[in-house]
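Novice: got a predicted model here, sequence first, then my questions.
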Amino acid sequence: METARLRAFVETADKGSVKAAADSLGYTPSAISQLITALEKELGLSLFVRSQKGMKLTSEGTEMLPAVRSYLNHEEEIYSLAADIKGVTRGHLVIATYPSVASTWLPKIVREFKSDFPGIQIDLMESVKSDVIRHFEQNEADIAFLVYSDPMPYEWISLKESEVIAAVPEDHRLADADAYPIKEVENDDFILGSWGKEMEILDILDKNDVHPEIKYTTYDTPATLALVRSGLGISFVTRQSAQFWSDHLVKLPLDPPQTVTFGVALPSKEHMTRAAKKFLDYTLNYFRE
């Protein structure tokens, strides 16, 4: 099976159009179309619904996509191994991560890693937790940084505890308090991240048997804190994710105190690429130091 056909299929599925896939892979649109048509004939399946709006996967194409990604990942591992044997490290590493991790810990880890392995390309996929898990399920990411919660269907390595705090407007009635009592959340408009699916925060609310009125949902912490700064409500966030935000808001510890555990999730240590294994080593060394 020709790798070029498989790469054309995956890139077109990701980009949603033949032209975008062609631009990404360095082909002409005509060549991409021919590669996809050849693959469909070889497999005996219709992989895309073609329209003026672009290329949309059929049900057969959707089912095939994770297997093709896995096939290409194994091919990359073979080339990476061959490069290691020759003494020239190269490869491709995809990291799924929360935006907060991408802006705090990861830049330092990546800098150390790239100084020793400049030939390895790194792609950061900043996502909310549900998307991080989806990237794993579809074999799009080699390694992920996220907060632990049950169930955890992947191999897990804990890295660091992070305090969960209340972010409140600077004119909030409790802005001068030593802590924010969790029960007070029922008296405030609440802002929830991850489009209302921030499970670690929902778990804290549930554990403490409080039921705030969720007035706004956002994608990630910067948007959440922007709403807080505008006086539209309060939110619970990790201290790490809020460390670069201080103007026009107050960060208070929760009462009772709450923490979450950040760590690394792996699809499987046994099937990790060499690039991912090396990056994991640098990550663990970073947190040991």
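Specialist: That came through fine. The structure presented is a predicted model; accordingly, all values stated were derived computationally and were not measured.
Novice: show me the shaky parts of the stretch 51-200 of the chain.
Specialist: The stretch 51-200 of the chain contains residues with pLDDT under 70 at 83-90.
Novice: show me the helices in it, by range?
Specialist: 59-86, 99-102, 105-116, 129-137, 199-207 (DSSP state H, counting those that start in this stretch).
Novice: tilt between the fourth one and helix 59-86?
Specialist: Just to be clear, that refers to helix 129-137. Angle, helix 129-137 to helix 59-86, by axes from the mean of the first three to the mean of the last three Cα atoms, to 10 degrees: 70 degrees.
Novice: quickly list the domain ranges of the protein.
Specialist: 1-64, 162-259 (automatic domain parsing).
Novice: how about those in CSV, adding distance to F136 and mean neighbour count?
Specialist: C-beta: built from backbone N, CA, C; applies to glycine. Formatted as CSV, those follow (distance: least, Cβ to Cβ, whole Å; neighbours: other Cβ atoms under 10 Å):
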stretch, distance to F136, mean neighbour count
domain 1-64, 16, 16
domain 162-259, 16, 17
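Novice: make JSON lines from those and add distance to E126 to it.
Specialist: Output for the domains of the chain, formatted as JSON lines (distance: least, Cβ to Cβ, whole Å):
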{"stretch": "domain 1-64", "distance to E126": "16"}
{"stretch": "domain 162-259", "distance to E126": "8"}
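Novice: any idea which element the nearest residue to T28 once chain neighbours are set aside lies in?
Specialist: Nearest non-adjacent residue to T28, counting by Cβ to Cβ, 6 or more residues apart in numbering: A22, 5.8 Å away. Element membership for A22 (DSSP states H and E) is helix 18-25.
Novice: hang on, the earlier thing: of all the helices of the stretch 51-200 of the chain, which lies closest to A175?
Specialist: With Cβ to Cβ as the measure, helix 199-207 is the member of the helices of the stretch 51-200 of the chain nearest A175 (20.8 Å).
Novice: can you pull the contacts of the residue nearest to T28?
Specialist: Contact analysis of A22 by Cβ atoms under 8 Å, 6 or more residues apart in numbering lists T28, P29, A31, I32.
Novice: which of the residues you listed fall within strands?
Specialist: Using DSSP state E, no member of the contacts of A22 falls within strands.
Novice: next step: the residues you listed restricted to helices.
Specialist: P29, A31, I32 (DSSP state H).
Novice: just name the closest of those residues to R69, please.
Specialist: Distances from R69 to the ones in helices among the contacts of A22, taken by Cβ to Cβ, are shortest for I32, at 17.5 Å.
Novice: contacting residues around the closest one?
Specialist: Contacts of I32 (Cβ under 8 Å, 6+ apart): A8, E11, T12, V18, A21, A22, L25.
Novice: circling back to that earlier point, which one, of the helices of the stretch 51-200 of the chain, ends up nearest to T238?
Specialist: Here helix 99-102 is closest among the helices of the stretch 51-200 of the chain (Cβ to Cβ), at 6.7 Å.
Novice: next, count neighbours for the closest residue to Q243 other than its chain neighbours.
Specialist: Spatial nearest neighbour of Q243, chain neighbours left out: T104 (6.9 Å); criterion: Cβ to Cβ, 6+ apart. Residues within reach of T104, counting by other Cβ atoms under 10 Å, total 15.
Novice: I'd assumed T238 was in contact with T104.
Specialist: No - T104 is beyond contact range of T238, at 10.1 Å (criterion: Cβ atoms under 8 Å).
Novice: tally of neighbours for S158?
Specialist: 11.
Novice: so it makes contact with V260?
Specialist: No - applying Cβ under 8 Å, one finds S158 not in contact with V260, separated by 10.8 Å.
Novice: residues shared between the contacts of the two?
Specialist: With Cβ under 8 Å, 6+ apart as the test, S158 and V260 both reach Y148.
Novice: got the contact list for S230?
Specialist: S230 neighbours (Cβ under 8 Å, 6+ apart): P169.
Novice: indicate which one of the helices of the stretch 51-200 of the chain is closest to S149.
Specialist: Proximity to S149 (Cβ to Cβ) singles out helix 199-207 among these, at 5.4 Å.
Novice: output the contacting helices and strands for the closest one.
Specialist: Here helix 199-207 touches strand 155-169, strand 235-238, strand 249-266, going by 3 or more Cβ pairs under 8 Å, 6 or more residues apart in numbering; DSSP states H and E.
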